[in-house]
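**Student:** got a predicted structure here, sequence first:
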Amino acid sequence: VQLQASGGGLVQAGGSLRLSCTASGSFSSVNRMAWYRQAPGKQREHVATITSGGSTNYAGSVKGRFTISRDNAKNTVYLQMNGMELEDTGTYYCNIEAILSSGQLSYSWGPGTLVTVSS
């Protein structure tokens, strides 16, 4: 399973960005799709998750500002980030759980996309 992410960049505090991540390869379906981020000098942390049924879960620091969504037909997950804060700066990674044609579960990380919030 290969992941391709896009949408990162430089944004001013209070602004918005939309990240996307598309899965490709040989798999039957995608279960959970999630976004994580890693700020400079810090550990990677969970940002948001969306299940195959559309249930969502957010880190407290982004709740009410970020929205995760998915397009199952495109095997794509999105992260709409509004009201961005300096603390949102970091490299954002998508992570998916897919079911391979063999029936096995596969966990994949995207390459990361850099988000920088300026004052």
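**Tutor:** Right, received. Where do you want to start?
**Student:** please count neighbours and contacts with C-alpha atoms only from this point.
**Tutor:** Noted.
**Student:** is it correct that Ala73 falls within a strand?
**Tutor:** No. Using DSSP: H, G, I helix; E, B strand; the rest coil, the assignment for Ala73 is helix, not a strand.
**Student:** report how many residues lie close to it.
**Tutor:** By other Cα atoms under 10 Å, 6 other residues sit near Ala73.
**Student:** Gly8 too?
**Tutor:** Neighbourhood size, Gly8 [other Cα under 10 Å]: 18.
**Student:** contacting residues for it?
**Tutor:** Leu17, Arg18, Leu19, Thr113, Leu114, Val115, Thr116 (Cα atoms under 8 Å, 6 or more residues apart in numbering).
**Student:** how close does it sit to Asn82?
**Tutor:** From Gly8 across to Asn82, the span is 13 Å (Cα to Cα, to the nearest Å).
**Student:** quick one on the thing from earlier: dump the contacts of Gly8 into a markdown table; add secondary structure as well.
**Tutor:** Output for the contacts of Gly8, formatted as a markdown table (three-state DSSP):
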| residue | secondary structure |
| --- | --- |
| Leu17 | strand |
| Arg18 | strand |
| Leu19 | strand |
| Thr113 | strand |
| Leu114 | strand |
| Val115 | strand |
| Thr116 | strand |
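**Student:** format those residues as JSON lines; extra columns: neighbour count, distance to Ile96 and pLDDT.
**Tutor:** Converted to JSON lines, those look like this (neighbours: other Cα atoms under 10 Å; distance: Cα to Cα, whole Å; pLDDT from 0 to 100):
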{"residue": "Leu17", "neighbour count": "17", "distance to Ile96": "21", "pLDDT": "98"}
{"residue": "Arg18", "neighbour count": "16", "distance to Ile96": "18", "pLDDT": "98"}
{"residue": "Leu19", "neighbour count": "21", "distance to Ile96": "15", "pLDDT": "98"}
{"residue": "Thr113", "neighbour count": "20", "distance to Ile96": "16", "pLDDT": "96"}
{"residue": "Leu114", "neighbour count": "17", "distance to Ile96": "19", "pLDDT": "97"}
{"residue": "Val115", "neighbour count": "20", "distance to Ile96": "20", "pLDDT": "98"}
{"residue": "Thr116", "neighbour count": "19", "distance to Ile96": "24", "pLDDT": "98"}
